[in-house]
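S.K.: Provide a 3D model corresponding to the input given below.
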Amino acid sequence: MKNIRLKLTYLFLLFFTAISCQTKEEKKIDIAKIIDTPTVNLYFGKWFLINQENDKYYYCTDSDRFFEIDDTEIFDHTPMEDSGFNVDHITNKGDLTYIYTDKNESSYYILKWIDRNKGIISCQFKKYEPSLFINEKKIKAIENKTCQTKNKSCELKNLSSKYNFIIEAGEFSNEKDQKYPISAWIIIIDKKSGKKQEIHFEPNLWTEYSDLPCDSFLVKDFNFDGLEDFAMVWDQGGNAGKLYEYYFQNKKGNFSSTDSFPLQHKILAEDIDTLNKTIKTQSIVGCCHFSLNTYKLKSDGSWEASSEQRELNKK
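M.R.: Below you'll find the model as predicted:
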C-alpha cells in the first residue's frame, strides 16, 4: 500500500513539474508577443501621402493618395486604382518593419519611422522608391495647402511666333470632380491662317497631377531642321525627373511623334547645341558619379549616341 502511495506521489510531482515548465514557456511566448506587438500596432491606421521641402513637411489637400493598414489587410489607394492585399505575416528587421502579403515573401511593404512625434513614416512597396506618409490623426500638425493649379484647359500664346497651343483635358480618373486627367487634346493653331491640328495625347503616368501640367509643355527645334517642335510631359518620372513625349513639325506645318528620336519618352532635351547639332543630358549614377550623354544628328538623319561617366563635383 505504501509503495502505491509513493508511486502516486511521484507521478503527481512529475505532473506538477511539467505543468509548471509549460506555463513558464507559455509566459515567455506571451511576453515576446506583448513586447513586439505595440511596435507593429503603431503602423495600423490610415496614412496620407505628404511632401518634404528642406526640413519642413506639408500635405497637399488636392492629393488623392493614401493607404490603410491593420493586422489582416493593406488597402492601397491611388488616383488610378485601388488595391487590397491580405497580410500573411509581419517581421521586424532593425528599424524596418516588413509586411508580407504572401508566404514566399515576394510581395511586401517596408515601413520605417521618420518622426514618431509628428506621425510620419516612409512606405516602400518592394524595391520601388519610398514615399513619406502621415497618420490621419496627425495631419493637422503639418502645413496643409493646395499644391496644383486647377486647369481644365490652358492656352499658350507666347511659346511660338507662328503657333498658339491649347491643351484641353480629355478624360479624368475622377470624372465627378473633374480631377486627375488621364488624357488630353493638344490643339495647334496657326496664328496667320487659323489652320488647326488636334492631337489626342495619352500620357503614361500623370497620377501626381490633379489638373493639367501646363507648365511642362515646351517649344524648341529639337531636330535641327529650322522648324519649331514641341514636347509635353508624358510621365511624372522618378529620381531622374520627368519624361517627355516629343512632336516634330514637317514642312507642311503638321506635327507628329517619332520613335527614332533618341530622347523619346526620356528626360527633357535642354542643352541643345544648334551649331554642332548635338543634345546633351546628364543623369546621376550611384553615389558619386554622373553620366554625360551626348546625342549627335548625323548627315543621314540618324542619331549617334555616346556616354561618359564623371565624378560629381569634379571641375
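S.K.: contacting residues around the closest residue to Ile99 other than its chain neighbours?
M.R.: What sits nearest to Ile99 in space, not counting adjacent residues and going by Cβ to Cβ, 6 or more residues apart in numbering, is Tyr109, at 4.6 Å. Placement of C-beta: from N, CA and C, glycine included. Going by Cβ atoms under 8 Å, 6 or more residues apart in numbering, Tyr109 touches Ile69, Ile74, Tyr98, Ile99, Thr101, Cys123, Gln124, Phe125.
S.K.: Quick check on those: which are buried?
M.R.: Buried members of the contacts of Tyr109, counted by 16 or more other Cβ atoms under 10 Å: Ile69, Ile74, Ile99, Thr101, Cys123, Gln124, Phe125.
S.K.: What about Lys140? Give its phi and psi, please.
M.R.: Note on Lys140: its backbone torsions stand at phi -80, psi -10 [degrees, to the nearest 10].
S.K.: mind checking how far it is from Phe48?
M.R.: Remark: distance between Lys140 and Phe48 (Cβ to Cβ, to the nearest Å) = 11 Å.
S.K.: out of those two, which sits in the more crowded spot?
M.R.: Phe48 (20 against 10; other Cβ atoms under 10 Å).
S.K.: Among the contacts of Tyr109, which lie within strands?
M.R.: Using DSSP state E, the members of those that fall within strands are Ile69, Ile74, Tyr98, Ile99, Cys123, Gln124, Phe125.
S.K.: so what's the first one bridging to?
M.R.: Ile69 has the following beta-bridge partners by DSSP bridges: Gly45, Ile74.
S.K.: That one: what's it in contact with?
M.R.: Per Cβ under 8 Å, 6+ apart, neighbours of Ile69: Tyr43, Phe44, Gly45, Trp47, Phe75, Val87, Ile99, Tyr109.
S.K.: repeat that for 10 Å
M.R.: Each residue near Ile69 by Cβ atoms under 10 Å, 6 or more residues apart in numbering is listed here: 40, 43-47, 75-76, 85, 87, 99, 109, 111, 123.
S.K.: Selecting buried members of those in PyMOL, what would you type?
M.R.: To isolate the buried members of the contacts of Ile69 in PyMOL, using 16+ other Cβ under 10 Å:
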select buried, resi 40+43+46+47+76+85+99+109+111+123
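S.K.: From the contacts of Ile69, pick the one nearest Asn204.
M.R.: Distance to Asn204 across the contacts of Ile69 (Cβ to Cβ) is lowest for Asp76, with 19.9 Å.
S.K.: and the closest one, which of the three is it?
M.R.: Per DSSP: H, G, I helix; E, B strand; the rest coil, the local secondary structure of Asp76 is strand.
S.K.: Quick check: it vs Lys145, distance?
M.R.: When distance is defined by Cβ to Cβ, Asp76 is 24 Å away from Lys145.
S.K.: The one helix or strand Ile186 maps to: which residues count as buried?
M.R.: Element membership for Ile186, per DSSP states H and E: strand 184-190. By 16+ other Cβ under 10 Å, the buried positions in strand 184-190 come out as Ala184, Ile186, Ile187, Ile188, Ile189.
S.K.: Off-centre distance for that strand?
M.R.: 29 Å (Cα atoms, centre = their mean, to the nearest Å).
S.K.: Remind me what that strand packs against, helices and strands.
M.R.: Packed against strand 184-190 by the contact rule (3 or more Cβ pairs under 10 Å, 6 or more residues apart in numbering; DSSP states H and E) you find strand 153-156, strand 163-169, strand 196-201, strand 229-238, strand 241-249.
S.K.: that older thread, name the nearest of the contacts of Tyr109 relative to Phe290.
M.R.: Nearest to Phe290 out of the contacts of Tyr109 is Gln124 (Cβ to Cβ; 24.5 Å).
S.K.: Please give me every residue in contact with Lys152.
M.R.: Contacts for Lys152 (Cβ under 10 Å, 6+ apart) come out as Ile167, Glu168, Ala169, Phe172, Gln178, Lys179, Pro181, Asp211, Leu212.
S.K.: try Ile142
M.R.: Ile142 is in contact with Ile50, Asn51, Gln52, Lys56, Tyr57, Tyr58, Tyr59, Asp115, Lys118, Gly119, Ile120, Ile134, counting by Cβ under 10 Å, 6+ apart.
S.K.: Leu156 - nearest residue in space that isn't next to it in sequence?
M.R.: Nearest residue to Leu156, sequence neighbours excluded (Cβ to Cβ, 6+ apart): Phe165, at 4.3 Å.
S.K.: The one you found bridge partners, please.
M.R.: The partner list for Phe165 in beta bridges (DSSP bridges) reads Leu156, Ile188.
S.K.: tell me the pLDDT at it?
M.R.: As predicted, Phe165 sits at a pLDDT of 97.
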